[in-house]
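[1] sequence? don't have it. structure:
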DNA sequence: TGCTACGATTGTAGCGCTACAAATCACATG
DNA sequence: CATGTGATTTGTAGCGCTACAATCGTAGCA
């Protein structure tokens, strides 16, 4: 910074102002300083700035994975909302609660302006760490009991709507795929809602298959086969994601089962593949970008702990 | 840090050492300090540490998108290699050269220990900015002329291998999908290699369709239709990615064209979907995790500018 | 006991920047 | 020409931490 100041014939403070508060500096001066800075390849040391000012314009996000596209829209929403407020988003991928804890420590070490978590199983000490950090936190796809501010749609209501739709279609032997362990709350609220609707319709809710994790098309095929072994007259399945549903449909094609004629297949998440598949997938559209938007708003507008509900939609297409 | 030191009855310097050089402090002392730190929720301020020490243990990566899974393995490789060296990876998504430039500035401002870029079109000033920054840079999927150290497989060789395979199968009217703009070098080296092999086999290389961008299944369908309009006797197409190839196969199914009987369809990238599809996709497997691994090695072992070649494989499956 | 050697611990100075207040400047007015 | 006003610029101090050198403690040995 000294260098830039010297070459531009101004004080270091003016250089600093050029970057942080452009309005405070005369147009002519600023342009000159910025040109010298560009010439020298000077980029302000954010660490020093943060240390001196006590605040940064970077938001940290921890994502559980990028294996599938479900977080793409969320991440885009985060970036869009952050950019609109002059902030940046840095992302860390963490595929286990331990990795998540370590990622949070790193981000806390960076003293980010806010931290966006994704609901799921967390390390036991995570909440305490974040409570004491004093940094705004939001838990996306979170519900009650979220760390910081929970932002997400009503998963239970979505699950009920989808189940009701299948029942209304006349489906009676409906298989439900439950995910244990993997995504925590993001999944765990679906099953009780499913049971509730089945019970209300006097149907059996016994066709529940609990799998440890299901991503990828392969698990869709395995799941379908497992269900058919247990109940050959199965007439619908509720999959945990569109990718799994796609895998199930592929397997139906292979077995010569017509969808939705013989079996209705419902997905979850409104992934790209669901629209292109033939038959196209009935699914829950979560408006993930809205979650990203609302998360940043909660972080930066300082709403504090609470619960922000975003929308969802039951997307009726061909498969169910 | 003062707080922790006071409560643990040691000097601030000892607290600092506990985190940075655990070996320098006695076991007993370290445990005591770490317990107090955990109690207080203390996380060292990395900015201050970086400022004082002049080096951080964070690697910055800029990814062009997370819309599809192609970067998943790469990112996992980065993280694995970084973790093995006691480093962390933070990621920024940038969907245009301008966003990439801004992301690089942010990461440079953070004074990361190394910067992993992905080959593609860059902002004109990017190279100069990075040259002057003095921070190690690697360009993954890069080739000659890469910014910093290029790390990637031989895209031309892969394209030649795939083309030769189709020709050897007796395919004669082969369509090639070229991407303009989107991924830069990641795509642009494929077409010349394709032409070369077609020429060597005395076949027409006229069936080239240039599209601006192609991701998503939808574009696969569009592309197939466009080709069939231009050449109804088309007997093979080379798609820029497995997702596009999957879209093309869906469209073939819809039209009642048998794959690979009437048309061979080849993908690129060895995505998950290609394995599950029926027929399964012949594709180029890029060993993306190796690219990630080698990138971190180049960054941290200070190889400097150069070119690191990783492997690739021609994955022969049912579709071609 | 006195002295050395070596590991553990502790001050000191300063990393690059910004908040804040103070100083300077340009210019219009009495 | 003095004075006031508001825009622009500039010192000063200090953010939290670590490199480095200095100091302390203690065990080993003559």
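    Noted; the coordinates are in hand. If you're wondering where the values come from, they're calculated on a predicted model, not measured in any experiment.
[2] what angle separates the strand or helix carrying residue A:47 from helix B:46-53?
    For residue A:47, the enclosing helix or strand under DSSP states H and E is helix A:46-53. Computed with axes from the mean of the first three to the mean of the last three Cα atoms, to 10 degrees, the direction of helix A:46-53 lies at 110 degrees from that of helix B:46-53.
[3] does DNA strand C sit close to the helix or strand following helix A:46-53?
    Scanning forward in sequence from helix A:46-53 by DSSP H and E, the next helix or strand is strand A:58-63. No: Strand A:58-63 is not in contact with DNA strand C by Cβ under 7 Å from any atom of the strand; minimum separation 13.1 Å. Glycine gets a C-beta too; all of them are placed from N, C-alpha and C.
[4] before we move on, the earlier item: between strand A:58-63 and the helix holding residue A:47, find me the angle.
    120 degrees.
[5] packing partners for helix A:46-53?
    Secondary structure elements in contact with helix A:46-53, counted by 3 or more Cβ pairs under 8 Å, 6 or more residues apart in numbering or on different chains; DSSP states H and E, are helix B:46-53, helix B:97-109.
[6] wait, does it contact DNA strand C?
    Yes: counting by Cβ under 7 Å from any atom of the strand, DNA strand C has neighbours in helix A:46-53: A:48, A:49, A:51, A:52, A:53.
[7] buried residues in that helix?
    A:46, A:47, A:48, A:49, A:50, A:51 (16 or more other Cβ atoms under 10 Å in any protein chain shown).
[8] Flag every residue of the stretch 201-320 of chain A that's near DNA strand D.
    Counting by Cβ under 7 Å from any atom of the strand, the stretch 201-320 of chain A has no residue next to DNA strand D.
[9] For the stretch 201-320 of chain A, which residue gets nearest to DNA strand D?
    residue A:302 (20.0 Å; Cβ to the nearest atom of the strand).
[10] name the element that residue belongs to?
    For residue A:302, there is no enclosing helix or strand under DSSP H and E.
[11] what about it, how many neighbours?
    Using other Cβ atoms under 10 Å in any protein chain shown, residue A:302 has 10 neighbouring residues.
[12] is it true that it touches residue A:135?
    No: between residue A:302 and residue A:135 there is no contact under Cβ atoms under 8 Å: 11.4 Å.
[13] what is the mean pLDDT for stretch A:42-59?
    Stretch A:42-59 carries an average pLDDT of 91.
[14] what's the first-to-last distance across that stretch?
    23 Å (Cα to Cα, to the nearest Å).
[15] next one: stretch A:50-58
    Span of stretch A:50-58 from end to end, Cα to Cα: 10 Å.
[16] Next, the closest residue to residue A:265 other than its chain neighbours: secondary structure please.
    Closest residue to residue A:265 apart from its sequence neighbours, by Cβ to Cβ, 6 or more residues apart in numbering or on different chains: residue A:319 at 4.7 Å. When classified by DSSP: H, G, I helix; E, B strand; the rest coil, residue A:319 comes out as coil.
[17] Tell me which residues touch residue A:319, please.
    Contacts of residue A:319 were listed using Cβ atoms under 8 Å, 6 or more residues apart in numbering or on different chains, and they are A:245, A:249, A:259-260, A:264-267, A:277, A:279-282.
[18] Go again with 7 Å.
    A:249, A:259, A:260, A:264, A:265, A:266, A:279, A:280, A:281, A:282 (Cβ atoms under 7 Å, 6 or more residues apart in numbering or on different chains).
[19] Which pLDDT does the model give it?
    According to the model, residue A:319 scores 95 on pLDDT.
[20] just so I have it, where are all the helices in chain A?
    A:2-8, A:12-20, A:27-40, A:46-53, A:72-84, A:97-109, A:126-133, A:155-168, A:185-188, A:190-200, A:217-230, A:242-255, A:272-276, A:288-300 (DSSP state H).
[21] Just send those back as JSON lines, with distance to residue B:10 too.
    JSON lines is the format used below for those (distance: least, Cβ to Cβ, whole Å):
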{"stretch": "helix A:2-8", "distance to residue B:10": "36"}
{"stretch": "helix A:12-20", "distance to residue B:10": "36"}
{"stretch": "helix A:27-40", "distance to residue B:10": "42"}
{"stretch": "helix A:46-53", "distance to residue B:10": "23"}
{"stretch": "helix A:72-84", "distance to residue B:10": "40"}
{"stretch": "helix A:97-109", "distance to residue B:10": "21"}
{"stretch": "helix A:126-133", "distance to residue B:10": "21"}
{"stretch": "helix A:155-168", "distance to residue B:10": "48"}
{"stretch": "helix A:185-188", "distance to residue B:10": "41"}
{"stretch": "helix A:190-200", "distance to residue B:10": "51"}
{"stretch": "helix A:217-230", "distance to residue B:10": "52"}
{"stretch": "helix A:242-255", "distance to residue B:10": "53"}
{"stretch": "helix A:272-276", "distance to residue B:10": "56"}
{"stretch": "helix A:288-300", "distance to residue B:10": "36"}
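[22] Tell me which of the ones you listed lies nearest to residue B:238.
    helix A:272-276 (20.0 Å; Cβ to Cβ).
[23] Which elements pack onto the closest one?
    helix A:242-255, helix B:217-230 (3 or more Cβ pairs under 7 Å, 6 or more residues apart in numbering or on different chains; DSSP states H and E).
[24] close to DNA strand D, is stretch A:123-131?
    No: judged by Cβ under 7 Å from any atom of the strand, stretch A:123-131 makes no contact with DNA strand D; its nearest approach is 14.6 Å.
[25] in that stretch, what counts as buried?
    Going by neighbour count (16+ other Cβ under 10 Å), the buried part of stretch A:123-131 is A:123, A:126, A:127, A:129, A:130.
[26] Tell me how many other residues crowd residue A:8.
    21.
[27] Return the residues in contact with it.
    Contacts of residue A:8 by Cβ under 7 Å, 6+ apart are A:15, A:32, A:33, A:36.
[28] Pop the domain breakdown of chain A in here.
    A:2-44, A:56-153+A:288-310, A:155-285 (automatic domain parsing).
[29] Now distance to residue B:254 too, for the ones you listed, in TSV please.
    Formatted as TSV, the domains of chain A follow (distance: least, Cβ to Cβ, whole Å):
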stretch	distance to residue B:254
domain A:2-44	52
domain A:56-153+A:288-310	23
domain A:155-285	6
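[30] closest one to residue B:255 among those?
    domain A:155-285 (11.0 Å).
[31] quick one: terminal-to-terminal distance for the closest one?
    Using Cα to Cα, first and last residues of domain A:155-285 are 11 Å apart.
[32] and what of stretch A:210-222?
    End residues of stretch A:210-222 are separated by 12 Å (Cα to Cα).
[33] now do stretch A:119-130
    14 Å.
[34] and if you look at stretch A:207-220?
    End-to-end for stretch A:207-220, by Cα to Cα: 16 Å.
[35] Thanks a lot, catch you later.
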